[in-house]
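Colleague: just to be clear, the model below is a prediction. Sequence and coordinates:
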Amino acid sequence: MKRLNVILGLLVMSAATYATGTKGDDQKITYSMPEQVKVVFENKCFGCHNDEGRSDKAKEGLNFSTLKQLDKFKKIASWNEARKEVEGAKMPPAKLVEKHPEAALTQEESELLVEWIKTETSSLLKQ
Ligand code: HEC
């Protein structure tokens, strides 16, 4: 009986590691921002713009995995770049949106991101 408990315990432990292992820090945006903004970036941008992303060009343009380590001017430059893409409806890429219309930003999401980016860049400037 004791032995069975040990085995069960191990099973539960490995199941727990598996569950959390798939959602480690590298699966999430660690840059500090309001939850509702983060959710949009995570759902609509993060998949391509993090260290695990397949496109090097995408990561060069914007990388959520390393963003918070940049100095403030590089952060501002990255956010301004992101704002330009969102305002121009250039991101997510048209190729993706054609196949998966739900991948596009809604009007509300796009405004939310742009407004937040403006606030963030001006507060970075004052630091
Ligand atoms: C399907 C993958 C994918 C998604 C989703 C995606 N991007 Fe991109 N992104 C790319 C690729 C590939 C590039 C580089 C090539 C290009 O500019 O088209 C890029 C480039 C960029 C650049 C750099 C542009 C430049 O001119 O250097 C920025 C900024 C950017 N994306 C922001 C975003 C934002 C913000 C979102 C979410 C709203 C997003 N991306 C969603 C793939 C993606």
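Modeller: Sure, I can see it. Residues are numbered from 1 along each chain as shown.
Colleague: so how far is stretch 55-71 off the chain centroid?
Modeller: Between the centre of stretch 55-71 and the centre of its chain there are 10 Å (C-alpha atoms, centre = their mean, to the nearest Å).
Colleague: offset the numbering so it begins at 21, please.
Modeller: Yep, numbering from 21; the last one is stretch 75-91 now.
Colleague: check which residues of it are buried.
Modeller: Residues of stretch 75-91 classed as buried: A78, K79, L82, N83, F84, S85, L87 (neighbour count, 16 or more other C-beta atoms under 10 Å). Every C-beta, even on glycine, is put in place using the N, C-alpha and C of the backbone.
Colleague: can you mark which positions in stretch 124-136 are buried?
Modeller: Going by neighbour count (16+ other C-beta under 10 Å), the buried part of stretch 124-136 is A124, L125, E129, S130, L132, L133, V134, W136.
Colleague: out of the buried residues of stretch 75-91, which are close to the ligand?
Modeller: Of the residues in those, proximity to the ligand by C-beta under 6 Å from any ligand atom holds for A78, L82.
Colleague: can I get the buried residues of stretch 75-91 in a markdown table including secondary structure, pLDDT and distance to I96?
Modeller: Converted to a markdown table, the buried residues of stretch 75-91 look like this (DSSP: H, G, I helix; E, B strand; the rest coil; pLDDT from 0 to 100; distance: C-beta to C-beta, whole Å):
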| residue | secondary structure | pLDDT | distance to I96 |
| --- | --- | --- | --- |
| A78 | helix | 95 | 20 |
| K79 | helix | 93 | 19 |
| L82 | coil | 95 | 13 |
| N83 | coil | 96 | 15 |
| F84 | coil | 96 | 16 |
| S85 | coil | 95 | 18 |
| L87 | helix | 96 | 11 |
